[in-house]
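> Can you look at this prediction? I've put the sequence above it.
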Amino acid sequence: MVIRQAREVLRIEAEGILDLIERIDHEFVAAVDMIMRAKGRVIFTGMGKSGLVGRKISATFNSTGTSSLFLHPAEAIHGDLGMVTPEDVILAISNSGQTTEINTLLPILRDMGAKIIVFTGRIESPMAHHADVVIDVGVEREACPLGLAPTASTTAALAMGDALAVALLSRRRFSQKDFKKFHPGGNLGQRLSIKVKEVMLTGAHIPKVLIGTGILAAVEEINAKNMGATLIIDSDEKVAGILCDGDLRRAFLKGEGIYGMKVEEIMTPLPKTMSEDLTTGEALALMELHQITHLISVDENGRAKGMVHLHDLLGREGFRTNGITDCTERSGR
């Protein structure tokens, strides 16, 4: 019962987001254009759960190059309106579009000269009539079985906010360098700027076995070095390939009797290499491009100088990178 109910919640919320795709239209483009033209900030406002969603989207805007802040609608009419200027864009969030505090606030903001964007599930609501741009974030139903707790509706509003933030990021040509500038104290921002040679494994720490080594011995090396892979080298210590968990899984799935096999029979030849002078951000981009989790630095003779895993770039704090699942290309073996 619990599992079925939880899966139903996720299905309803996923459907709510998917339904938004066809609503990305001229109103969404108008919202992007309005924010790009504005000389001020984007000021988010919303009550209750919608307010929490607004705070999160505001944080995403700030970290991706669009200056913003959150204005509580009830506190705004008790003195906080002083933070709003005519150059600002207001982005109000309310699923019903009938939130009293917001409908009291928006005409005041309009009279001040601020432009207004509304995220609402009811495009004919009173709140929508106060707006310059209305973006429909309505859902067919809430995931709450009582239909009362904001669930699918807040998820949809949050997803639309992310879509707007990314569209603005693209229009501003916001770069990795800009991201680091906005995250000077952040661990990820710091790690993206350092050199690969500062984090890669070297010397005896690099997992490697000779061509001709049996699979079980290679697995022992993988486990001993805790890298999820081992390099395959020839008698001159030149890198000939890489054997990782993915290669082993694929061999098992093919029903091959791998226990009696040699590493070269299932390894991925000619693994991707890098310069040790790349930044970790550049190395991460290479991993994303090739859908891999390991990169190798070699010298002029093709011998391994260093090896880096995705988690070495991100700090091994349990980060996951979307789309990277294996140390070998998806199109590989």
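Perfect, thanks for sending it.

> hey, let's count contacts and neighbours off CA atoms from now on
Will do.

> By average pLDDT, which secondary structure element in this protein comes out worst?
In the chain, no helix or strand scores lower on mean pLDDT, DSSP states H and E than helix 187-191, which sits at a mean of 56.

> What does the pLDDT read for the residue lying farthest from the centre of the chain?
Distance from the C-alpha centroid of the chain peaks at S235, with 42.5 Å (CA atoms, centre = their mean). According to the prediction, S235 has pLDDT 91.

> ok, then the element right after the least confident helix or strand of the chain?
Heading C-terminal from helix 187-191, the first helix or strand you meet, by DSSP states H and E, is strand 208-210.

> for that following strand, packing partners?
Applying 3 or more CA pairs under 8 Å, 6 or more residues apart in numbering; DSSP states H and E, we find strand 208-210 packed against helix 215-225, strand 229-233.

> quick one: low-confidence ranges for this structure?
148, 174-193, 256, 314-333 (pLDDT under 70).

> Start from the N-terminal end of it and give the strands.
42-45, 68-70, 89-94, 115-120, 133-136, 208-210, 229-233, 239-244, 268-269, 294-298, 304-309 (DSSP state E).

> mind saving the C-alpha coords of the last one as CSV?
Below are the C-alpha coordinates for strand 304-309, written out as CSV (Å, rounded to 0.1, in the frame of the first residue of the first chain):
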residue,chain,number,x,y,z
ALA,A,304,50.0,6.8,-17.1
LYS,A,305,50.9,9.9,-15.1
GLY,A,306,47.7,10.2,-13.2
MET,A,307,44.1,9.1,-13.1
VAL,A,308,41.0,10.9,-11.9
HIS,A,309,37.5,9.8,-11.1
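
> list the helices and strands that strand packs on?
Secondary elements touching strand 304-309 (3+ CA pairs under 8 Å, 6+ apart): strand 294-298.

> Now do stretch 232-252: distance from first to last residue.
19 Å (CA to CA, to the nearest Å).

> Can you give the distance of it from its chain's centre?
Taking CA atoms, centre = their mean, to the nearest Å, one finds the center of stretch 232-252 at 31 Å from the center of the full chain.

> circling back to that earlier point, any idea which of the strands of the chain is most buried?
strand 89-94 (a mean of 28; mean count of other CA atoms under 10 Å).

> For that strand, name the packing helices and strands.
Short answer (3+ CA pairs under 8 Å, 6+ apart): strand 89-94 packs on strand 42-45, helix 48-63, strand 115-120.

> before we move on, back to that, tell me the contacts of the residue farthest from the centre of the chain?
L210, I211 (CA atoms under 8 Å, 6 or more residues apart in numbering).

> A74 is nearest to which of the helices and strands packed on strand 208-210?
Relative to A74, the nearest member of the helices and strands packed on strand 208-210 by CA to CA is strand 229-233, separated by 56.5 Å.

> between the closest one and helix 215-225, how many degrees?
120 degrees (axes from the mean of the first three to the mean of the last three CA atoms, to 10 degrees).

> Contacts made by strand 229-233 with the rest, please.
Counting by CA under 8 Å, 6+ apart, residues outside strand 229-233 touching it are 206-211, 218, 221-222, 239-245, 263-264, 267, 327.

> Tell me how far it lies from the chain's centre.
In terms of CA atoms, centre = their mean, the centre of strand 229-233 is set 31 Å apart from its chain centre.

> Who does that strand pair with, and is each partner parallel or antiparallel?
Pairing partners of strand 229-233, with direction, according to DSSP bridges: strand 208-210 (parallel), strand 239-244 (antiparallel).

> any idea of the angle it forms with strand 304-309?
If you take the same axes, to 10 degrees, strand 229-233 sits at 160 degrees to strand 304-309.

> on that earlier part again, which one of the strands paired with strand 229-233 lies nearest to V42?
strand 239-244 (47.0 Å).

> returning to that earlier point: turn the strands paired with strand 229-233 into JSON lines, columns for distance to A76.
Below are these laid out as JSON lines (distance: least, CA to CA, whole Å):
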{"stretch": "strand 208-210", "distance to A76": "63"}
{"stretch": "strand 239-244", "distance to A76": "57"}
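
> wait, which of the ones you listed is closest to S63?
Comparing the strands paired with strand 229-233 against S63 with CA to CA, the closest turns out to be strand 239-244 (35.6 Å).

> hang on, the earlier thing: relative to V134, which of the strands paired with strand 229-233 is closest?
strand 239-244 (50.3 Å).

> before we move on, the earlier item: any idea how far the residue farthest from the centre of the chain lies from T104?
S235 is 78 Å from T104, by CA to CA.
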